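*Asks:* With the sequence up front, the predicted model follows.
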Amino acid sequence: MSKEQVFDLTTHTVRDLNQALHGLNGATSGPDFKVLNAQGDHALAVGIDAPVKVEIDGHVGYYCAGMNKHANVTIHGNAGTGLAENIMSGVVRLKGNASQAAAATGRGGLVIIEGDASARCGISMKGVDIVVQGSVGHMSAFMAQRGRLVVCGNAGAALGDSLYEAEIYVRGTVADLGADCEAKEMTPEHLAALDELLKRAEMPYPASEFRRYGSARKLYHFNIDNADAY
Amino acid sequence: MTTRDPGLIPSYLFSRDVIHEIQRAATEGIYDIRGGGAKRYLPHFDDLVFLGASMSRYPLEGYRERCDTNVTLGTRYAKKPIELKIPVTVAGMSFGALSAQAKEALGRGATAVGTSTTTGDGGMTPEERLSSKTLVYQLLPSRYGMNPDDLRKADAIEVVLGQGAKPGGGGMLLGQKINARVAGMRDLPPNIDQRSACRHPDWTGPDDLEIKIRELREITDWEKPIYIKVGASRTYYDTMLAVKAGADVIVVDGMQGGTAATQNVFIEHVGIPTLPAVRQAVEALTELDMHRKVQLIVSGGIRTGADVAKALAMGADAVSVGIAALIALGDNSPSLDEEYRKLGSAAGYYDDWHAGNDPAGITTQREDLAPRLDPVKGGRRLANYLRTLTMEAQIIARACGKSHVHNLEPEDLAALTVEAAAMAGVPLAGTSWVPGRY
């Protein structure tokens, strides 16, 4: 492993950082990256396509680690809108709280939020696993298509509204379920898979403390008798 | 000519079409869904004419003196702007709405004449990337198929806020067209009715969009031109905000612009026609001193070289064709009339593009229908059509004394109706009167 590369954003630009990261795109390994003084900048560490480790000190703005592939990104701070949006693979760990639309449309990989996540966490997710140690805001997993949203705290209103095939697990309370989202049986297979995911996310909770939610699949085809739900 | 019995007085308000629709709705319990754009009469480019050269202007010799048609898109920020040979592009149409064969044919035709095609709600197919030399990749609210690899493979990125057929509406693809491949690309279960989001999931409003665009530029190392596409409604303000958000190119789609599947009520009653939208967009760009610096692409009812020339004269840098491109491929061909009639339609009327039973093999995913479209032959027909449009626009430009189609200007135009004069901002023919201006 070559020497750690340090980008202090008081002296480097976001462009400098991303250009250096993109220089490794397609590589099978690379140096570790340390980002200092993130200062809430937007679009930090976006579009990485290499199995590199990135540590970011400070709060980050919108879309940090957006469209990540393979990289392991840790943020020591809070994150603005769209953390790890459309993540493809790799791991993004946020030590603080996330603003709205965390991991929106994510297609793979794992996003761990050690604090709370605001509204629309996991909106339109397409395969990503999201684990939130705290609570999530309203309309989380809205139109979620694939993947798993795990909430160790409580869920806000309209959880899983217009849900497709994503799975939702909540340990605390749910303010209310959105249209076409319903409680589901927790089978031994689901328990085992959730336990594995919780371990991977380093969460100190057993799967048995969670309840599962999924799509009732009543809105998959238009039916005038469901007009109240549209 | 239609005839009716004496004494049977038709109602204008409750016409036979209206009565039919009420009866259909009462029977089926669902709104009418169809493809295409607004069908009803709307003020359009037909209501404008060119003032050809005369005593005070001299024309260029047709076919002999040069009249260039090239256009460069994305000069504001992109490191690699797009260079097109003609100012006519192919609008975004998804694989899913269209067959893979149709998408390939569009790419072949556009490439043959040096212009671009655009993906759609469903992502980029390998066939499309291979066949289209210049490909614009759409970022839509659904984000179906969105991934950074395709972003980097694209020649430009189009952030879609809306389309002319349904400003404020999301995509729709009914279950009969969601086969295994389409479902896989969209991460959806096969055969369900897909109604995709109308708002982007990770930004709200122009301030957020500015940050979103910055992310896209960072991911692609500032190489790609970034377009913002809006359905025509509050076009003046939308254009202003798109410039502010950092667009390289603005695409304005009027209400005549097509869709693969949308509620008829949406198509006919939401949005404004292309004619006033072009004027509003150009006014906004001019006011910001961004005209020609941020390029403007106009779509929605472009059919002929005259439409192309008129849009350019009003200030557009290029136009896009959608419905016309499908017709060029073979949609609504008279040779298929018998099959259209079996589907309850007829050649020249078929717009059930959502149903997936297109006998032309264009708006379908059926394995027995899609291969009917030969991508090579279809591409050739599209290339023929695009070349014809370009030559027609050149004929008009030369007649107005212009050595480049971009030299056409509003001063070359006159309006045939008061409505068109007001909407386009050009004088009523034979007068110097622009309603609302002087």
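*Replies:* Ah, there it is. Numbers count the residues shown, from 1 in each chain, chains lettered A, B, ... in the order given.

*Asks:* Name the residue of the stretch 201-350 of chain B with the shortest distance to chain A.
*Replies:* Using CB to the nearest CB, the single residue of the stretch 201-350 of chain B nearest to chain A is B:Ile219, 3.4 Å away. The C-beta positions use only the backbone N, C-alpha and C, and glycine is treated the same way.

*Asks:* Could you measure from the closest residue to that residue other than its chain neighbours over to B:Cys198?
*Replies:* Closest residue in space to B:Ile219, ignoring its immediate chain neighbours: A:Gly47 at 3.4 Å, by CB to CB, 6 or more residues apart in numbering or on different chains. Applying CB to CB, to the nearest Å, the value for A:Gly47 to B:Cys198 is 27 Å.

*Asks:* If we ignore the residues flanking it in sequence, what's nearest B:Thr239?
*Replies:* Spatially, and ignoring its direct neighbours in sequence, B:Thr239 is nearest to B:Ala284 (3.8 Å; CB to CB, 6+ apart).

*Asks:* which element is that neighbour on?
*Replies:* helix B:274-287 (DSSP states H and E).

*Asks:* any idea which helix or strand comes after that helix?
*Replies:* strand B:295-299.

*Asks:* So in that sheet, which strands flank that following strand, and in what orientation?
*Replies:* strand B:249-253 (parallel), strand B:318-321 (parallel) (DSSP bridges).

*Asks:* Which among the ones you listed is found nearest to B:Ala25?
*Replies:* With CB to CB, the closest approach to B:Ala25 among the strands paired with strand B:295-299 belongs to strand B:249-253: 27.7 Å.

*Asks:* okay, the closest one in CSV with CA atoms only?
*Replies:* The C-alpha trace of strand B:249-253 is given here as CSV (Å, rounded to 0.1, in the frame of the first residue of the first chain):
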residue,chain,number,x,y,z
VAL,B,249,-27.9,23.6,-22.9
ILE,B,250,-31.6,24.1,-22.3
VAL,B,251,-34.2,21.9,-24.0
VAL,B,252,-37.7,23.3,-24.2
ASP,B,253,-40.4,20.8,-25.1
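
*Asks:* Looking at A:Gly47 and B:Cys198, which is more packed in?
*Replies:* Per other CB atoms under 10 Å in any protein chain shown, whichever of A:Gly47 and B:Cys198 has more neighbours is A:Gly47, with 24 against 15.

*Asks:* Contact partners for that one?
*Replies:* For A:Gly47, the contacting residues are A:Asn18, A:Leu21, A:His22, A:Asn25, A:Gly66, A:Met67, A:Asn68, B:Pro148, B:Leu151, B:Glu218, B:Ile219, B:Thr220, by CB atoms under 8 Å, 6 or more residues apart in numbering or on different chains.

*Asks:* ok, A:Glu185 touching A:Gly214?
*Replies:* No. If you go by CB atoms under 8 Å, A:Glu185 and A:Gly214 don't touch, sitting 9.6 Å apart.

*Asks:* neighbours around A:Ala50, how many?
*Replies:* Neighbour number of A:Ala50 under other CB under 10 Å is 18.

*Asks:* Now it: closest residue in space that isn't a chain neighbour?
*Replies:* Of all residues not flanking A:Ala50 in the chain, A:Leu24 sits nearest, at 4.1 Å (CB to CB, 6+ apart).

*Asks:* Confirm the one you found sits in a strand?
*Replies:* No. With DSSP: H, G, I helix; E, B strand; the rest coil as the criterion, A:Leu24 is located in coil rather than a strand.

*Asks:* count of neighbours near it?
*Replies:* A:Leu24: 20 neighbours (other CB under 10 Å).

*Asks:* Could you check how far it is from chain B?
*Replies:* Here the criterion is CB to the nearest CB, to the nearest Å. By it, A:Leu24 lies 13 Å from chain B.

*Asks:* Sketch out the low-pLDDT regions of chain A for me.
*Replies:* Applying pLDDT under 70 to chain A flags the ranges A:1-2, A:227-230.

*Asks:* got the residues of it near chain B?
*Replies:* A:14-15, A:18-19, A:22, A:42-43, A:46-47, A:49, A:61-63, A:66-67, A:69, A:81-82, A:85-86, A:88, A:101, A:104-105, A:107, A:120, A:123-124, A:126-127, A:142-143, A:145-146, A:164-165, A:220-222, A:224 (CB under 8 Å from any CB of the partner chain).
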